[in-house]
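In: Predicted model and sequence follow; I will ask about them next.
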Amino acid sequence: QVQLVESGGGLVQTGGSLQLSCVASGRTVSSNAMGWFRQTPGKAREFVASISWSGGSTYYADSVKGRSTISRDNAKKTGYLQINRLKPEDTGIYYCAQNVREPTMVSPYEERYDYWGQGTQVTVSS
């Protein structure tokens, strides 16, 4: 089992920045690929970014590409998502997830991920 706890959400003005964290515990967490997703009311959860277990591969949704950075510190068992130049459409609950079966995979597909956190709310005011 893997437990994931997100933090770092909050209320931010348009144009601001935010760094989300995801602390993992449990089964060999440092060897799992990690992803970030977000969801707003009435919409399906959408992919934001993904990183391989080593950090050597990353993949971003077009909506955040160029203003977002996904990273990880395996020694701290923590993943990060930095988003700059925030927009109101970035508002949502942000979830981190881990893929234990394909550690080198960077994937935008929810079904690739085995464990999910409870989420952290990000609200961007206009």
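Out: All right, it came through fine. Numbering: from 1, shown residues only.
In: give me the number of residues near Pro41?
Out: 7 (other C-beta atoms under 10 Å). No exception for glycine: its C-beta is placed from N, CA and C like everyone else's.
In: To clarify, my last question referred to Leu11.
Out: 12.
In: Report the central residue of the protein.
Out: Trp36 (2.3 Å; C-alpha atoms, centre = their mean).
In: can you pull out the helices in this protein?
Out: Counting by DSSP state H, the chain has no helices at all.
In: can you give me the strands for it?
Out: For the chain, the strands defined by DSSP state E cover 2-7, 10-13, 18-26, 33-39, 46-51, 58-60, 68-73, 78-83, 92-99, 115-116, 120-125.
In: what sits against the residue nearest to the centre of the chain?
Out: By C-beta atoms under 8 Å, 6 or more residues apart in numbering, the residues touching Trp36 are 20, 22, 47-50, 70, 79, 81, 94-97.
In: can you list the residues you listed in TSV and add neighbour count, distance to Ser126 and pLDDT?
Out: Formatted as TSV, the contacts of Trp36 follow (neighbours: other C-beta atoms under 10 Å; distance: C-beta to C-beta, whole Å; pLDDT from 0 to 100):
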residue	neighbour count	distance to Ser126	pLDDT
Leu20	23	21	98
Cys22	26	27	97
Phe47	20	24	98
Val48	25	20	98
Ala49	26	23	98
Ser50	25	28	98
Ile70	24	25	98
Gly79	29	29	96
Leu81	28	22	98
Tyr94	24	19	98
Tyr95	23	24	98
Cys96	30	26	97
Ala97	25	29	97
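In: Tell me the one among the residues you listed nearest to Val12.
Out: Closest to Val12 out of these is Leu20 (11.3 Å), distances taken as C-beta to C-beta.
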